[in-house]
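> Pasted the sequence and its predicted model underneath.
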Amino acid sequence: MKTAIIGLPMTGKTSLFTILTGVHETARTGAMETKVGVTKVPDRRLEALAKVFSPQKVTHATIEFIDFPSISRESLRDPSLLASLRVADALAHVVRLFEDDTVPHEKGSIDPMRDIADVDTELVLSDLAVVEKRLERLEKDRRKMKDPGLDREFELLEQARQMLENGEPLRGWDLQGEDEKRLRGFQFLSQKPILFVLNVGEKDAPRMTEIEQEYREKLLSGKSRAEVTAVCGKIEAELAELSAEEQKEYLASYGLPGSSLDRLVSVMYRLLGLMSFLTAGETEVRAWTIPVNSTAVKAAGAIHSDFEKKFIRAEVVPWQALVEHGGYAGAREKGLLRLEGRDYIVKDGDVLVIRHG
């Protein structure tokens, strides 16, 4: 799953990307430069299971982040950059809340709601151009032939045009079934799930939870496919240079329970509609990424396509039961290890042992 990190200039987005992924090198995307990196999804369950099984390795789920150039009308006209942005599964919009006279804002003042609206406007205008171009083509095609599929696509795109002309992002549009499939290929930017990442200043770090809640009420009221999290880029940069013990002391000095970047990754994982099931043994303890509400047979396919094809059943146990009872034997003795069929809906944190032909 790919998440594009976007934002206006001087918001701290590239610094956050570097701290998240450790990647410093850039790659060319058309006329623009981008960076691509992968970060682990924090998961305390893996560490707990590792203490039980002492595996040779522990493997976390991951999210791929792409750091894009600052959003502007010019950048969204670059075809190759636009194509790369459209294939992202979600957007992380870094919004500047920190004050710093040495880092001037391009608009001369700090106004987060204005900046959020400006970026949304650019995404909306980019989508509107796509919709209008397709509608022109559909009008010609519909004059040549009678096709209910084309008629329905035209109706849906007219709805999209109305929303976009009103300045409304498409992420709140609740498309279902065939209608969703019909428009999926357009990969509209304003329809993608979005995480607003509030980059606060050092003096506001102790108030991060309060600031997060304030902006959640402003931005998310009645809206879907959007989330808010707050980080302090300056603190995270300092943490990256410290040992684990020093990190605890440093965070405690700000009254913070842990790294806000860990929370950012976890929130993005949920926003993408993902969850993890686990496998555990002496060779490896691992988190596997699947969509929420996946069946056992689809989970088996995440491990290996042959497991999905030759699926018989899955042994399932909650991760807590394995930890509490010291492994599979203890959980089985307590009757906590059960057999499930292919249509079982896997729960976040289930530990699976796949039986296959």
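Structure's in. What do you need?

> pLDDT weak spots in the stretch 1-150 of the chain?
Along the stretch 1-150 of the chain, the model assigns pLDDT under 70 to residues 24-33, 73, 75-76.

> Most distant residue from the centre of the chain?
Going by Cα atoms, centre = their mean, the residue of the chain most distant from its centre is Lys144, 42.1 Å out.

> Distance of that residue relative to Arg182?
Separation of Lys144 from Arg182 (Cβ to Cβ, to the nearest Å): 19 Å. C-beta: built from backbone N, CA, C; applies to glycine.

> Please apply the same query to Phe68.
Phe68 is 28 Å from Arg182, where distance means Cβ to Cβ.

> Looking at the two, which is more packed in?
More crowded of Phe68 and Arg182, by other Cβ atoms under 10 Å: Phe68, with 24 against 15.

> Run through the helices of the chain in chain order.
Using DSSP state H, the helices found in the chain span residues 13-21, 44-53, 79-86, 112-144, 148-165, 177-184, 208-220, 233-239, 244-253, 260-271, 296-303, 305-309, 319-324, 328-333.

> just the angle between the longest one and helix 79-86, please?
Using axes from the mean of the first three to the mean of the last three Cα atoms, to 10 degrees, one finds that helix 112-144 and helix 79-86 are set 100 degrees apart in direction.

> burial count for Lys203?
Lys203 sits with 10 neighbouring residues when counted by other Cβ under 10 Å.

> Could you do Leu264 as well?
Neighbour count for Leu264, taken as other Cβ under 10 Å: 23.

> right, and it touches Val231 too?
Yes - the criterion here is Cβ atoms under 8 Å, and Leu264 meets it with Val231 at 5.9 Å.

> what sits in contact with each of the two?
Common neighbours of Leu264 and Val231 (criterion: Cβ atoms under 8 Å, 6 or more residues apart in numbering): Val197.

> Now do the contacts for Gly172.
Shown in contact with Gly172 (Cβ under 8 Å, 6+ apart): 223-225.

> What of Ile110?
Ile110 neighbours (Cβ under 8 Å, 6+ apart): 96-99.

> Can you tell me how far it is from Leu97?
Distance from Ile110 to Leu97, by Cβ to Cβ: 7 Å.

> Can you tell me which residue is spatially central in this structure?
Met268 (3.5 Å).

> if I look at that one, how far off is Met208?
Remark: distance between Met268 and Met208 (Cβ to Cβ) = 17 Å.

> quick one, phi/psi of Phe188?
The phi and psi values for Phe188, taken as degrees, to the nearest 10, are phi -60, psi 130.

> Now do it against Arg338, distance only.
Using Cβ to Cβ, we find Phe188 at a distance of 42 Å from Arg338.

> and the two? which has more neighbours close in?
Under the criterion of other Cβ under 10 Å, the comparison of Phe188 against Arg338 puts Phe188 first, with 22 against 13.

> Identify the bridge partners of Thr3.
Beta-bridge partners for Thr3, by DSSP bridges, are Phe65, Ala90.

> What is the burial count for it?
25.

> which residues does the residue nearest to the centre of the chain contact?
By Cβ under 8 Å, 6+ apart, the residues touching Met268 are 3, 63, 90, 92, 195, 227.

> This completes my enquiry, with thanks.
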